[in-house]
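>>> Provide a 3D model corresponding to the input given below.
(2 chains)
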Amino acid sequence: DTGVSQDPRHKITKRGQNVTFRCDPISEHNRLYWYRQTLGQGPEFLTYFQNEAQLEKSRLLSDRFSAERPKGSFSTLEIQRTEQGDSAMYLCASSSTGDLGEQYFGPGTRLTVT
Amino acid sequence: AQKVTQAQTEISVVEKEDVTLDCVYETRDTTYYLFWYKQPPSGELVFLIRRNSFDEQNEISGRYSWNFQKSTSSFNFTITASQVVDSAVYFCALSEAQAGTALIFGKGTTLSVSS
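This is a model prediction of the structure:
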């Protein structure tokens, strides 16, 4: 499978706990994106990397959220002190600079905060 | 500010009917890109089409066609002879200026095709 992969697919956590998600992009893609999708809504942009550099962050990305892409390959998204409002599907996408914005999405990680 | 509006929340059709999904966008940029994605019940977003702001030619791909009109800021999507497998949530999205940055999505239209 050469698509975007995400791990875990589902995560249930208690409020106040920290969680970390992983995304592995398509191997030749140098751009990686994180989005959040809540029920009945379209995906909302969180942050974007080109190689290892984090180039853009949404105002939705509060200081409890941090993302890294240490070697320009896989990325992690960490949420500290989770709140019930963080319950959502977290989507990762990747693209190459030659794709003119065509982003390929992974299956997502569904987070439930109890 | 950029915005994408999909006014149709849900559409239900019977197989073989044609259906059009509406998308209206707002942007101040002269260079931008428009997209349609499909999200089937399995959940994974599937890319369907990309259009740049300088190319207003309509596009047809099999049973799918897209109508881009800058004058009305619309990028509508038509499925001809719909099939049950077309049942999904369809999202229209906008990317401004430099390709490869954030996609701004609409809220999506849920299409249900019954047999």
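>>> Just want the residue of chain A that's nearest chain B.
Going by C-beta to the nearest C-beta, chain B is nearest to A:G42 of chain A, at 3.1 Å. In short, each C-beta sits where N, CA and C put it, glycine included.
>>> Report the contact partners of that residue.
Counting by C-beta atoms under 8 Å, 6 or more residues apart in numbering or on different chains, A:G42 makes contact with B:V4, B:F91, B:A93, B:F105, B:G106, B:K107, B:G108.
>>> now the strands for chain B?
Taking DSSP state E, the strands of chain B run over residues B:3-5, B:10-14, B:19-21, B:24-26, B:32-39, B:46-52, B:59-61, B:64-69, B:74-79, B:88-96, B:104-105, B:109-114.
>>> for those, which one sits closest to A:R31?
strand B:88-96 (11.9 Å; C-beta to C-beta).
>>> Hmm, A:T2 and A:I26 touching each other?
Yes: counting by C-beta atoms under 8 Å, A:I26 touches A:T2, with 6.3 Å between them.
>>> what does chain A have sitting close to chain B?
A:31, A:33, A:35, A:40-45, A:48, A:50, A:55-56, A:58, A:89, A:91, A:93, A:95, A:97, A:99-108 (C-beta under 8 Å from any C-beta of the partner chain).
>>> so the residue positioned nearest the centre of chain A is in which element?
Nearest to the geometric centre of chain A sits A:W34, at 3.3 Å (C-alpha atoms, centre = their mean). Assessed by DSSP states H and E, A:W34 sits inside strand A:31-37.
>>> quick one: average pLDDT of that strand?
Averaged across strand A:31-37, the pLDDT comes to 95.
>>> quick check: angle from it to strand B:88-96?
Per axes from the mean of the first three to the mean of the last three C-alpha atoms, to 10 degrees, the angle that strand A:31-37 makes with strand B:88-96 is 130 degrees.
>>> strands paired with the next helix or strand after strand A:31-37, and their directions?
The helix or strand immediately downstream of strand A:31-37 is strand A:44-50, counting by DSSP H and E. Note on strand A:44-50: by DSSP bridges, its sheet partners are strand A:31-37 (antiparallel), strand A:53-57 (antiparallel).
>>> which residues touch strand A:44-50?
A:30-37, A:54-58, A:60-61, A:65, A:67, A:69, A:72, A:75, A:77, A:97, B:100-105.
>>> Having no further points to raise, I will conclude here.
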